[in-house]
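K.L.:
Return a 3D structure for these sequence lines:
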Amino acid sequence: MDFNEDLLVNTNGKSSKMLMGIGTFLPPLLITIFFPNVFLDAIGVVGGVGIAILFGILPVVVFFIKSKTTRGKLLAFIVFMLFLAALRLDLLDDFGIIDSAKEIDRIRRMF
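P.N.:
You can find the predicted model right below:
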(Lines give C-alpha, C1' and ligand atoms only; values in the text may rest on other atoms or scores of the structure.)
Protein backbone atom coordinates (compact mmCIF):
# COMPACT_ATOMS: atom_id res chain seq x y z
CA MET A 1 0.00 0.00 0.00
CA ASP A 2 3.03 2.29 0.28
CA PHE A 3 3.15 2.60 -3.50
CA ASN A 4 -0.44 3.87 -3.53
CA GLU A 5 0.33 6.17 -0.62
CA ASP A 6 2.95 7.89 -2.78
CA LEU A 7 0.41 8.25 -5.59
CA LEU A 8 -2.45 9.50 -3.43
CA VAL A 9 -0.79 12.32 -1.50
CA ASN A 10 -3.07 15.32 -0.90
CA THR A 11 -2.17 18.77 -2.17
CA ASN A 12 -0.82 19.73 1.26
CA GLY A 13 1.58 16.75 1.23
CA LYS A 14 -0.36 14.54 3.64
CA SER A 15 -1.82 11.17 2.78
CA SER A 16 -5.25 9.99 3.86
CA LYS A 17 -5.57 6.42 5.14
CA MET A 18 -9.15 6.27 3.90
CA LEU A 19 -8.20 7.50 0.42
CA MET A 20 -5.28 5.08 0.34
CA GLY A 21 -7.53 2.15 1.31
CA ILE A 22 -10.15 3.06 -1.31
CA GLY A 23 -7.50 3.55 -4.00
CA THR A 24 -5.92 0.20 -3.17
CA PHE A 25 -8.94 -2.05 -2.80
CA LEU A 26 -11.72 -0.47 -4.87
CA PRO A 27 -10.31 -1.06 -8.41
CA PRO A 28 -9.70 -4.81 -7.89
CA LEU A 29 -13.08 -5.11 -6.15
CA LEU A 30 -14.89 -3.49 -9.08
CA ILE A 31 -13.04 -5.65 -11.59
CA THR A 32 -13.95 -8.77 -9.59
CA ILE A 33 -17.60 -7.77 -9.38
CA PHE A 34 -17.97 -7.11 -13.11
CA PHE A 35 -15.61 -9.85 -14.36
CA PRO A 36 -15.70 -12.60 -11.70
CA ASN A 37 -13.37 -15.10 -13.39
CA VAL A 38 -10.69 -12.74 -14.68
CA PHE A 39 -8.29 -13.25 -11.76
CA LEU A 40 -8.61 -17.04 -11.84
CA ASP A 41 -7.98 -17.02 -15.58
CA ALA A 42 -4.92 -14.80 -15.12
CA ILE A 43 -3.54 -17.03 -12.38
CA GLY A 44 -4.08 -20.06 -14.61
CA VAL A 45 -2.19 -18.50 -17.51
CA VAL A 46 0.66 -17.25 -15.37
CA GLY A 47 0.88 -20.55 -13.50
CA GLY A 48 1.27 -22.57 -16.69
CA VAL A 49 3.84 -20.21 -18.12
CA GLY A 50 5.78 -20.05 -14.85
CA ILE A 51 5.93 -23.82 -14.47
CA ALA A 52 7.03 -24.28 -18.09
CA ILE A 53 9.81 -21.72 -17.66
CA LEU A 54 10.93 -22.91 -14.22
CA PHE A 55 10.93 -26.66 -14.83
CA GLY A 56 11.35 -26.83 -18.60
CA ILE A 57 13.22 -23.94 -20.12
CA LEU A 58 15.64 -22.85 -17.37
CA PRO A 59 17.21 -26.31 -16.81
CA VAL A 60 17.68 -26.69 -20.56
CA VAL A 61 19.37 -23.28 -20.81
CA VAL A 62 21.70 -24.19 -17.93
CA PHE A 63 22.52 -27.52 -19.58
CA PHE A 64 23.16 -25.74 -22.90
CA ILE A 65 25.55 -23.28 -21.26
CA LYS A 66 27.40 -25.98 -19.27
CA SER A 67 27.58 -28.45 -22.15
CA LYS A 68 31.00 -28.74 -23.74
CA THR A 69 30.11 -30.92 -26.73
CA THR A 70 28.12 -30.17 -29.85
CA ARG A 71 26.00 -33.25 -29.21
CA GLY A 72 25.03 -31.94 -25.75
CA LYS A 73 24.19 -28.52 -27.16
CA LEU A 74 22.08 -30.12 -29.90
CA LEU A 75 20.21 -32.22 -27.32
CA ALA A 76 19.58 -29.10 -25.23
CA PHE A 77 18.31 -27.24 -28.28
CA ILE A 78 15.90 -30.07 -29.21
CA VAL A 79 14.51 -30.28 -25.66
CA PHE A 80 14.23 -26.46 -25.58
CA MET A 81 12.17 -26.50 -28.78
CA LEU A 82 9.90 -29.23 -27.36
CA PHE A 83 9.25 -27.17 -24.23
CA LEU A 84 8.55 -24.09 -26.34
CA ALA A 85 6.02 -26.12 -28.34
CA ALA A 86 4.38 -27.32 -25.11
CA LEU A 87 4.30 -23.75 -23.79
CA ARG A 88 2.74 -22.55 -27.04
CA LEU A 89 0.03 -25.21 -26.86
CA ASP A 90 -0.68 -24.31 -23.23
CA LEU A 91 -1.04 -20.62 -24.08
CA LEU A 92 -3.25 -21.35 -27.09
CA ASP A 93 -5.48 -23.50 -24.87
CA ASP A 94 -5.54 -20.85 -22.11
CA PHE A 95 -6.66 -18.15 -24.53
CA GLY A 96 -9.31 -20.38 -26.08
CA ILE A 97 -7.76 -20.58 -29.54
CA ILE A 98 -7.62 -24.36 -29.42
CA ASP A 99 -9.51 -26.88 -27.30
CA SER A 100 -6.88 -29.30 -26.06
CA ALA A 101 -9.38 -31.66 -24.41
CA LYS A 102 -11.12 -32.24 -27.74
CA GLU A 103 -7.78 -32.77 -29.50
CA ILE A 104 -6.63 -35.27 -26.87
CA ASP A 105 -9.88 -37.22 -27.25
CA ARG A 106 -9.43 -37.23 -31.04
CA ILE A 107 -5.89 -38.62 -30.67
CA ARG A 108 -7.04 -41.28 -28.18
CA ARG A 109 -9.70 -42.49 -30.60
CA MET A 110 -7.01 -42.99 -33.25
CA PHE A 111 -5.26 -45.58 -31.09
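K.L.:
ok now the lengthiest helix in the chain, how far from the chain's centre?
P.N.:
When the chain is parsed with DSSP state H, its longest helix is helix 70-94. Chain-centre distance of helix 70-94: 17 Å, with Cα atoms, centre = their mean, to the nearest Å.
K.L.:
For it, which outside residues touch it?
P.N.:
41, 44-45, 48-49, 52-53, 56-57, 60-61, 63-64, 67, 98-100 (Cβ atoms under 8 Å, 6 or more residues apart in numbering). (Glycine included, C-beta is placed from N, CA and C.)
K.L.:
Show the buried residues in these.
P.N.:
Buried members of those, counted by 16 or more other Cβ atoms under 10 Å: Gly48, Ala52, Gly56, Ile57, Val60, Phe64.
K.L.:
Closest one of the residues you listed to Leu26?
P.N.:
Using Cβ to Cβ, Gly48 comes nearest to Leu26 of these, at 29.7 Å.
K.L.:
Let me see the contact set for that closest one.
P.N.:
Each residue near Gly48 by Cβ under 8 Å, 6+ apart is listed here: Leu87, Asp90, Leu91, Asp94.
K.L.:
any idea which residue sits dead centre in the chain?
P.N.:
When Cα atoms, centre = their mean is applied to the chain, the residue found nearest the centroid is Val46 (1.8 Å).
K.L.:
Against Arg106, how distant is that residue?
P.N.:
Going from Val46 to Arg106 by Cβ to Cβ, to the nearest Å gives 28 Å.
K.L.:
Please apply the same query to Met20.
P.N.:
Distance from Met20 to Arg106, by Cβ to Cβ: 53 Å.
K.L.:
Give me the helices and strands touching the helix or strand where Pro27 lies, please.
P.N.:
Using DSSP states H and E, Pro27 maps to helix 17-34. Here helix 17-34 touches helix 2-7, helix 38-52, going by 3 or more Cβ pairs under 8 Å, 6 or more residues apart in numbering; DSSP states H and E.
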